[in-house]
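>>> what follows is a predicted protein model with its sequence.
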Amino acid sequence: MDERKDHLWKVQEGSEAAAAEDASRGMPLGVDVGTSKIVAARRRTKGTETSMQLNAFIPVPFSRFTETILGQNEIPYFRDGDELVIFGGATERFANMFNVETRRPMADGLLNPKERMGTVVLESIMRSLIPKAKTQGEVLSFSVPAASEGREAELVYHEASLRRFFETLGYRAVAINEGLAVIFSELEDQNFTGIGISCGGGMCNVALAYLSIPSLLFGISKGGDYIDNSVGSVVNEPSTRIKTIKEEKLDLTKPPADKLEKALHIYYEDLVESLVDSIRKAVAKADKLPRAHRPLPIVIAGGTAKPKGFKELFEKSMKSRPFPVDISEIRVAADPVTATARGALIAALYEK
Amino acid sequence: MALRPLQGPILPSPVNPGSESKRRALEKGLVCEDNRELSPEFARTVEGLTSGIKDPVERLRFLRGSTKSVRQLEEQIPKVPRVARPLVYKYLGWRGLSLLKGEGAAGVRRAARGKIATLQVMIALLGGTLVMGASYGTIRLATSLSRKTPTVDVPVLPQPVRVVPTPVPQAEPEVQTQRPDSIWLVEKGRDYELYSNGLRIDTTQRVKGTKRTFAALDEATGTALPPATEPVGIVFHTTESDIQSLEPENNASLLRSSKNLVNYIRRHEFYHYLIDRFGRVYQILNDDSRANHAGNSVWASDGKVFMNLNHAFFGVSFESRFAPSGPLPITEAQLQAGRLLTEHLIRRYNLDPKLCVAHGIVSVNPRTRKIGHHVDWAKNFPFRTFGLPDAYEVEPASVRLFGFGYDGDLSKAIGAPWPGVLKAEAKLEKEALSAGQSADELRLSMTRRFDLWFEEQSQVRKSALSSLTTAPAAAGPGVN
């Protein structure tokens, strides 16, 4: 009559993991506050653990049934009048389901001034990833972009807003440049010397450091969103869908199979060209760079660098014209999405 | 790949800090550029010393510490003879190594201290010669180098404590032949209560809610009876949540699902008790509290009418989704646990079994004057297995006293309504006929009674406990 199974099994397998999770509370944290994703990194006995949430949201009409399903499935949401605001990882699923665009709390690497709910959603997303500090003054390092020309004031507001938010959770918050964080996580074997690039959703951030000290920091306001929006407009598809396709199956080493892939190739090439050109100009223009005693490695991270063939595209662009410093190698981080957060964690542990 | 390295001397440049936050960050070199000169010779020297440092944080600490030291001496170093500079850089590097933390760096620390000691002995022996040959800058440098190497406390990290999982509560088999006459608390632990009928209640999630206060109405007169605080019955619910099949492969998600559900219910104070898919009974709200489980609801028995059952009735919910046909939507473990819990609550609080009912048959919509606003357990609740009278046979007060009807939505959800509704409807039509009215006219006058009685009950409760709100709260997560 009722649901019954003939075999039994051990139910409580999650206890040890839960206990380990509890024990990790109180450790320094690294947080990558990106336009597209928020990634948190913490150190565990077995290594570094990362967790992430999509930095996006979508409102749906309120109903109790929807609310129960969201609540039980730990799909993060909050109620805003007659709407349930779903944020984080489930957003893209819902957006693709309803064929609508997701909304973003951040744009071009900074808090999105045009989004009414931006700060509330961003804080909710961060709360879902970051526990309150176990003891007051624990160190948390968070990523910030480099100040692009004319947007210095916005960066100050962005950085201060994040710092204050983390302080309300009980942390001593320390900002770190995104590109430098990539160097911290990926260039340890090079004694943190080289060029780190974080290709995110809103922008690409570049850092050149010698022995961990940043000598050149800058960013360009082109990133994954630029590709998604541009491709979306030429193939007449929501950019959220383009993003899903881009992240799931784009291979830049293969010739494009259809119009959409062709557009993705074109805008990827455009992004990489712009990025390499900016680096070339910035390095050539910087007359106060310390003298390097050896060629510098370049490491690229961020979700936009994830597609297969990105490194080859970057190399091709680098070879097309002379570059002002010797380069030893170009590589993409082993886990490009979490590299910035892992670098921020190293900064937090250093500051501890 | 590149054509030319950067050429020419790099002059030290003053740092131009911006805001206060940037200034602070600049000191740490994390968000602002720092273009001060860094000698390639120094870089080569310190890089040659990093091979023994395995931890990236310690490596970072060493590099930054050494860089900071050399910058503090940047005015003196140019005065040191070029030939002696590598030794200065090496010394700064060793000093940096001697400051490393952690057990993993103990060997590196020891070796660095040894080298510093050797160098200091050499400096002492050759001091005179060096002083004679060196410039004023060198003297200053030697003074700073002869500072005592700081000692480092190595913190001993506590070993992680392994937490042994709590034993899983097993549903106890029903013992037909040795059924105890009374039910008593056998054992009370920090996180559970065990009763003599085999009921085990997990109390880890128990919270105190708003105190229960309600006033029943006299069915004959519609006047409110004295306010009461003791529970009178139970409303059974289903959680209407995500349910996965009971398979070992789903174990992790089944566990996670239950845990999440408990948290969600506790946050919203939806039920007093939750029975999960493995038959674990969680107490969410303590027995003295009301819960937001029934909202707009009506039930009557023995001349007493109860409206808004959140206060007077316990809310007991099964982690499940209501299904009007097919097998029961609960597991055997849930069935057994639910029966034991019902038995326990009835005995402990002397509840009237006739007041142990299902959410679907008490739920009403006052706006549309319809029954079955929520339909969980509007069919198929195993009353007899629970040792209870069959509430589906009882004419619901919502129809019998207040003339509420039902529409296609209810039929769509559960098929034909339960027998009690059909009986009450037949009586209502008969009554209308004998009064010379249409059924609709009679219903209209009866629904006005609902409004009056509801107001009466609310007023009494308000005056009994003015601090409590008496408006019907939202029902639990049932079917809309």
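Everything's here; your move.
>>> show the contacting residues for B:Val70.
B:Leu38, B:Ser39, B:Phe42, B:Ile77, B:Tyr89, B:Leu92 (C-beta atoms under 8 Å, 6 or more residues apart in numbering or on different chains). Glycine gets a C-beta too; all of them are placed from N, C-alpha and C.
>>> got those residues as CSV, with neighbour count and distance to chain A columns?
Below are the contacts of B:Val70 laid out as CSV (neighbours: other C-beta atoms under 10 Å in any protein chain shown; distance: C-beta to the nearest C-beta, whole Å):
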residue, neighbour count, distance to chain A
B:Leu38, 25, 4
B:Ser39, 18, 8
B:Phe42, 25, 9
B:Ile77, 20, 15
B:Tyr89, 23, 12
B:Leu92, 24, 12
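>>> where does chain A have its least confident helix or strand?
helix A:15-24 (a mean of 45; mean pLDDT, DSSP states H and E).
>>> other SSEs contacting the longest helix along chain A?
Once chain A is assigned using DSSP state H, the helix that runs over the most residues is helix A:259-285. Other helices and strands packing on helix A:259-285, by 3 or more C-beta pairs under 8 Å, 6 or more residues apart in numbering or on different chains; DSSP states H and E, are strand A:194-199, strand A:204-210, strand A:213-220, helix A:224-235, helix A:239-249, helix A:310-320.
>>> again, only this time at 10 Å
Using 3 or more C-beta pairs under 10 Å, 6 or more residues apart in numbering or on different chains; DSSP states H and E as the contact test, the elements touching helix A:259-285 are strand A:194-199, strand A:204-210, strand A:213-220, helix A:224-235, helix A:239-249, strand A:296-301, helix A:310-320.
>>> please put the alpha-carbon coordinates of the longest one into PDB.
Once side chains and other backbone atoms are set aside, the C-alpha atoms of helix A:224-235 remain, and they are given as PDB (Å, rounded to 0.1, in the frame of the first residue of the first chain):
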ATOM      1  CA  GLY A 224      32.200  37.500 -21.400                       C
ATOM      2  CA  ASP A 225      29.100  39.700 -21.300                       C
ATOM      3  CA  TYR A 226      30.400  41.600 -24.200                       C
ATOM      4  CA  ILE A 227      30.600  38.400 -26.200                       C
ATOM      5  CA  ASP A 228      27.200  37.100 -25.000                       C
ATOM      6  CA  ASN A 229      25.400  40.400 -25.700                       C
ATOM      7  CA  SER A 230      27.000  40.900 -29.100                       C
ATOM      8  CA  VAL A 231      26.400  37.400 -30.300                       C
ATOM      9  CA  GLY A 232      22.800  37.500 -28.900                       C
ATOM     10  CA  SER A 233      22.100  40.600 -30.900                       C
ATOM     11  CA  VAL A 234      23.400  39.300 -34.200                       C
ATOM     12  CA  VAL A 235      21.700  35.800 -33.900                       C
END
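>>> quick one: it to strand A:204-210, angle?
Note on geometry: by axes from the mean of the first three to the mean of the last three C-alpha atoms, to 10 degrees, helix A:224-235 and strand A:204-210 are set 150 degrees apart in direction.
>>> give me the buried positions along helix A:224-235.
Buried residues in helix A:224-235, counted by 16 or more other C-beta atoms under 10 Å in any protein chain shown: A:Gly224, A:Asp225, A:Tyr226, A:Ile227, A:Asp228, A:Ser230, A:Val231, A:Gly232, A:Val235.
>>> and the last one, by the same measure?
Going by neighbour count (16+ other C-beta under 10 Å), the buried part of helix A:310-320 is A:Phe310, A:Lys311, A:Leu313, A:Phe314, A:Glu315, A:Ser317, A:Met318.
>>> residues in contact with the next helix or strand after that helix?
If you walk from helix A:310-320 toward the C-terminus, the next helix or strand you reach (DSSP states H and E) is strand A:327-332. Outside of strand A:327-332, the residues within contact range by C-beta atoms under 10 Å, 6 or more residues apart in numbering or on different chains are A:186-187, A:190, A:194-195, A:197, A:199, A:294-302, A:305-308, A:310-312, A:314-315, A:318-319, A:339, B:1-2.
>>> please redo it, this time with the cut-off set to 6 Å
Residues from elsewhere that reach strand A:327-332 (C-beta atoms under 6 Å, 6 or more residues apart in numbering or on different chains): A:Pro295, A:Leu296, A:Pro297, A:Ile298, A:Val299, A:Ile300, A:Ala305, A:Lys311, A:Glu315, B:Met1, B:Ala2.
>>> and the buried ones among those, selectable in PyMOL?
The PyMOL command for the buried members of these (criterion: 16+ other C-beta under 10 Å) is given here:
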select buried, (chain A and resi 296+297+298+299+300+305+311+315) or (chain B and resi 2)
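>>> which of the contacts of strand A:327-332 has the weakest pLDDT?
Scanning these for pLDDT, the smallest score is found at B:Ala2, 37.
>>> circling back: mind putting the buried residues of helix A:224-235 into CSV with pLDDT?
Listed next are these as CSV, based on pLDDT from 0 to 100:
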residue, pLDDT
A:Gly224, 94
A:Asp225, 93
A:Tyr226, 94
A:Ile227, 95
A:Asp228, 94
A:Ser230, 95
A:Val231, 95
A:Gly232, 93
A:Val235, 92
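>>> quick one, phi/psi of B:Ile330?
For B:Ile330, the backbone dihedrals (degrees, to the nearest 10) come out as phi -130, psi 160.
>>> gap between it and chain A?
Distance from B:Ile330 to chain A, counting by C-beta to the nearest C-beta, to the nearest Å: 5 Å.
>>> contact partners for the nearest residue to A:Leu260 once chain neighbours are set aside?
Using C-beta to C-beta, 6 or more residues apart in numbering or on different chains and skipping residues adjacent in sequence, the residue nearest A:Leu260 is A:Val235, 5.0 Å away. By C-beta under 6 Å, 6+ apart, the residues touching A:Val235 are A:Lys259, A:Leu260, A:Ala263.
>>> enumerate the residues of the stretch 151-300 of chain A near chain B.
Residues of the stretch 151-300 of chain A lying close to chain B (C-beta under 6 Å from any C-beta of the partner chain) are A:156, A:175-177, A:188, A:191, A:210-215, A:217, A:288-291, A:293.
>>> filter these to the buried ones?
If we count by 16+ other C-beta under 10 Å, these have these buried: A:156, A:175-177, A:188, A:191, A:210-215, A:217, A:289-291, A:293.
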